[in-house]
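Asks: take a look and give me a structure for this.
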Amino acid sequence: MLQKWSDDYRIEIDQIDTQHKTFFDATHRLYDAIMTAQGEHAVEEALVFLCSYAAEHFEAEEGFMQMLEYPKLKAHKKLHADFIERLGMLTDEYDVYRAPSQGMADQILEVTQDWLIDHIIDQDTLYARYMKDLK
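Replies: Take a look at the predicted model:
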């Protein structure tokens, strides 16, 4: 079951929260396409969104963490780099085969679900707590 956006996941930085909500929405669109056997039609849109999201969001988030002097910034950047690498493998596969499939949609959904749970919900809330403790 997909995680739904909850105010519990708020970082309390409007730009970041808006980007996270957009990620949740995109993940749900992909999930809905897969559930209606239309996943292959959602692959390109999902990959384009994820590449754009990663570039814009990671730059913004890392900028905020740098301003906060977040002590785990280096490790957090590594998580971002790992996501970009995983996304790059999916994009390369799509570019080589140009045959989006339900299976590829499933792979992308797995990546986004992992990111929702392991990163946004677990990791990003850590720097949100750090920021609150500074106040």
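Asks: neighbours of residue 124, how many?
Replies: Summarising burial for residue 124: neighbours were counted as other CB atoms under 10 Å, giving 21. Placement of C-beta: from N, CA and C, glycine included.
Asks: what about the longest helix in the protein?
Replies: For the chain, the longest helix by residue count, based on DSSP state H, is helix 39-68.
Asks: grab the most central residue of the protein for me.
Replies: The centre of the chain sits closest to residue 115, judged by CA atoms, centre = their mean, with a distance of 5.2 Å.
Asks: what's the burial count for residue 58?
Replies: Taking other CB under 10 Å as the criterion, the count of residues near residue 58 is 18.
Asks: correction: residue 46
Replies: By the other CB under 10 Å criterion, the neighbourhood of residue 46 contains 24 residues.
Asks: taking helix 39-68 as reference, get the angle to the helix or strand just after the longest helix of the chain.
Replies: Tracing the chain C-terminally past helix 39-68 and defining elements by DSSP states H and E, one meets helix 73-97 next. Direction vectors for helix 73-97 and helix 39-68, defined by axes from the mean of the first three to the mean of the last three CA atoms, to 10 degrees, enclose an angle of 160 degrees.
Asks: packing partners for helix 73-97?
Replies: Contacts defined by 3 or more CB pairs under 8 Å, 6 or more residues apart in numbering; DSSP states H and E place helix 73-97 against helix 39-68, helix 102-114.
Asks: so what does the first one touch, helix or strand wise?
Replies: The helices and strands touching helix 39-68, judged by 3+ CB pairs under 8 Å, 6+ apart, are helix 14-35, helix 73-97, helix 102-114, helix 125-134.
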